[in-house]
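# only geometry, no sequence info:
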């Protein structure tokens with residue numbers, strides 16, 4: 001039971017933080033729970049897609065860097081962020097409650113952390129308390145900030161009055177989370193000294209830019 005609590009606790013803490021950053025018009029709990037649940041359910045298609053894509057790893061085994069890049073950006077980054085994107089779009093994009101800029105971040109983080117919670121439970125039960133502590137400060141917040149990035153660009157798209165920028169930001173909502181997710185995984189998978197040197201600055205970058213995006217859309221939501 002304590003392993004389950006250790007796996008879920010960082011997710012709950014971040015979700016409460018995001019929920020209370022929505023200062024001006026709270027989102028309905030029912031829709032937030034749907035977003036969280038849907039985020040957990042997309043683990044199933046993600047597993048199938050990742051297994052399919054892993055079938056091509058033999059093409060890249062001659063180079064550890066190329067293989068790590070493929071696994072990080074294509075197998076993990078693309079698969080996971082694609083289904084988060086589809087879950088957000090299908091459930092939230094046209095919802096009447098999506099009426100403030102910060103809402104994009106709120107819903108995207110709930111979807112993202114629904115996925116991260118299931119993933120975290122799996123890892124914690126497989127590898128124990130030490131992994132739970134590491135992931136609480138690294139992997140789980142990283143998923144949250146991938147969600148922040150997705151929601152940020154979703155909102156820039158949704159509330160844009162220009163057709164070109166609306167389409168551009170819509171694509172950014174998928175592309176940039178894949179880049180961030182892939183970069184995070186690539187640094188760890190490649191396991192090279194130079195890469196590990198940039199890991200902490202990269203985490204700092206994720207946190208700094210993520211909080212900045214939250215503040216920007218929170219402030220702008222005063223005016224809807």
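Done, it's in. Since this is a predicted model, take the numbers as computed values, not measurements.
# residues touching residue 125, list them.
Residues counted as contacts of residue 125 (CB atoms under 8 Å, 6 or more residues apart in numbering) are 3-4, 7. For glycine as for every other residue, the C-beta is placed from the backbone atoms N, C-alpha and C.
# give me the element it is part of.
helix 101-127 (DSSP states H and E).
# name the residues of that helix that come out as buried.
The neighbour-count check on helix 101-127 (16 or more other CB atoms under 10 Å) flags 101-121, 123-124 as buried.
# what about it, distance to the chain center?
Averaging C-alpha positions (CA atoms, centre = their mean, to the nearest Å) puts helix 101-127 7 Å from its chain's average.
# after that helix, next one along is what?
helix 129-137.
# remind me which residues of this protein are low pLDDT?
Applying pLDDT under 70 to the chain picks out residues 221-224.
# quick one: the contacts of residue 125 as CSV, columns for secondary structure too.
Shown next, in CSV, are the contacts of residue 125 (DSSP: H, G, I helix; E, B strand; the rest coil):
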residue, secondary structure
3, helix
4, helix
7, helix
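# pull out the buried residues from those residues.
Buried, going by 16+ other CB under 10 Å: residue 7, out of the contacts of residue 125.
# measure stretch 41-60 end to end?
In stretch 41-60, first residue to last residue: 30 Å (CA to CA, to the nearest Å).
# report the buried residues of that stretch.
For stretch 41-60, by 16+ other CB under 10 Å, it's 42-43, 46, 49-50, 53, 60.
# just stretch 179-193 next, same as before
179-187, 189-190.
# what's the closest of those residues to residue 154?
Using CB to CB, residue 180 comes nearest to residue 154 of the buried residues of stretch 179-193, at 15.0 Å.
# excluding its backbone neighbours, what's nearest that closest one?
residue 146 (5.6 Å; CB to CB, 6 or more residues apart in numbering).
# can you get me a residue count around the one you found?
Here the count is done by other CB atoms under 10 Å, and residue 146 has 28 residues near it.
# what residue of the protein is the furthest out?
residue 62 (30.6 Å; CA atoms, centre = their mean).
# so is that one in a helix, a strand, or just coil?
Under three-state DSSP, residue 62 falls in the coil class.
# where do the helices of this structure begin and end?
For the chain, the helices defined by DSSP state H occupy 2-21, 29-41, 43-54, 64-69, 79-91, 101-127, 129-137, 139-158, 163-190, 193-220.
# now residue 28, what are its backbone angles?
When read as degrees, to the nearest 10, the backbone of residue 28 gives phi -60, psi 130.
# that one is in contact with residue 98, isn't it?
No. The pair formed by residue 28 and residue 98 falls short of the contact definition of CB atoms under 8 Å, at 10.9 Å.
# quick revisit: the buried residues of stretch 179-193 into JSON lines, with extra columns for distance to residue 132?
Converted to JSON lines, those look like this (distance: CB to CB, whole Å):
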{"residue": "179", "distance to residue 132": "27"}
{"residue": "180", "distance to residue 132": "23"}
{"residue": "181", "distance to residue 132": "21"}
{"residue": "182", "distance to residue 132": "24"}
{"residue": "183", "distance to residue 132": "24"}
{"residue": "184", "distance to residue 132": "18"}
{"residue": "185", "distance to residue 132": "19"}
{"residue": "186", "distance to residue 132": "23"}
{"residue": "187", "distance to residue 132": "21"}
{"residue": "189", "distance to residue 132": "21"}
{"residue": "190", "distance to residue 132": "24"}
